[in-house]
Every structure is written in structure tokens, then in C-alpha cells.
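K.L.:
Make a model of this:
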Amino acid sequence: MDMMKLATQLLASKLGGSANTDNNMIESVIGGLLGGSGNSGGSGIDLGSIVGNLQSNGLGDIAQSWLGDGDNEHISRDQITSMLGSDKVAQAADALGADQNDLLRGLQDMLPQVIDKSSSGGSLLDSVGGLSGLAGMASKFLK
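P.N.:
Numbering: from 1, shown residues only. Model (predicted):
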């Protein structure tokens, strides 16, 4: 499953007519927010970085719920802003011509679903040694 395509569809559906819902623009914004590389190889979404950011912001339990097969825990707009940075969120909203709250609501819905789908069956989490292993992978990229 192409995670960037899923993320783009989910975010576009949440932004509705209030923003630029051109798929290329949304992919670019998602790549900028989530450390991805857009269309150049891979999903364009840096799962390790997202999970590492969640964990470093005290949100490891939320990350664990998204990676596991159970229910996904809720993440607040404030938690997303803290994790991504208010400047990046503001720039992303401007690029899309969207209200920041609309963008954050879209990310609230999109992030858990994309991470959950990418780790279906726990195989992603298990293959890297659990949540700490995934966070360790992220720290290598952030150095």
C-alpha cells in the first residue's frame, strides 16, 4: 500500500473545499511536515521520524497504539503542533491555503490511520525491535 497516496487522500478529504486540494501540493506539504521525500522513492513518509517525535514529546503511548493492532489513541491538535512545530504547521497551512485548525484536524485523522495501516499485523514494529527500536532508527536519521 502506498502510504503517501493514502495520506494524501485522507488529508484532502478533511480539507474539503476550503483549501488547495491538488494532490501534488498536498503530497509536497505532507512530505515537508513528515520528513518524507515526496515521490522520489519510498512512501515519502518517514515513519521512524514520526514515531521518534511522538516518543520524544512524551507521546510514546499514542505511538504504540497506532503501531499495534488495537484501537488508535487520540492525538490533540496541540500535541501535533508541539510535535511538528508551530512554524511548520503555519507554513503548511499557508501553502495549502487552509485554516491551521482545518489542517490540524486533518492531521489528527490522517496520522493514526497511515501509521496503523503501515504497521498492520505488528510486522513493522516487530521487525525493528518494538517501539524503542523504531525510535532508535529515527534518532539515527536525526543526527
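
K.L.:
The residue sitting nearest the centre point of the chain: which element?
P.N.:
Closest to where the C-alpha atoms of the chain average out (CA atoms, centre = their mean) is Leu111, at 4.2 Å. Using DSSP states H and E, Leu111 maps to helix 100-118.

K.L.:
which of the residues in that helix are buried?
P.N.:
Buried residues in helix 100-118, defined by neighbour count with 16 or more other CB atoms under 10 Å: 102-108, 110-112, 114-116, 118. In this view, the C-beta of every residue, glycine as well, is placed from N, C-alpha and C.

K.L.:
Dump the residues you listed into TSV; add pLDDT as well.
P.N.:
Below are the buried residues of helix 100-118 laid out as TSV (pLDDT from 0 to 100):
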residue	pLDDT
Asp102	91
Leu103	94
Leu104	96
Arg105	94
Gly106	94
Leu107	95
Gln108	95
Met110	94
Leu111	94
Pro112	94
Val114	90
Ile115	90
Asp116	88
Ser118	83
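
K.L.:
Helices along this structure, start to end?
P.N.:
Per DSSP state H, the chain carries helices over the ranges 3-15, 23-34, 47-56, 60-67, 77-84, 86-96, 100-118, 123-127, 130-142.

K.L.:
least trustworthy helix or strand in the protein by mean pLDDT?
P.N.:
Using mean pLDDT, DSSP states H and E, the weakest-scoring helix or strand in the chain turns out to be helix 123-127, at a mean of 48.
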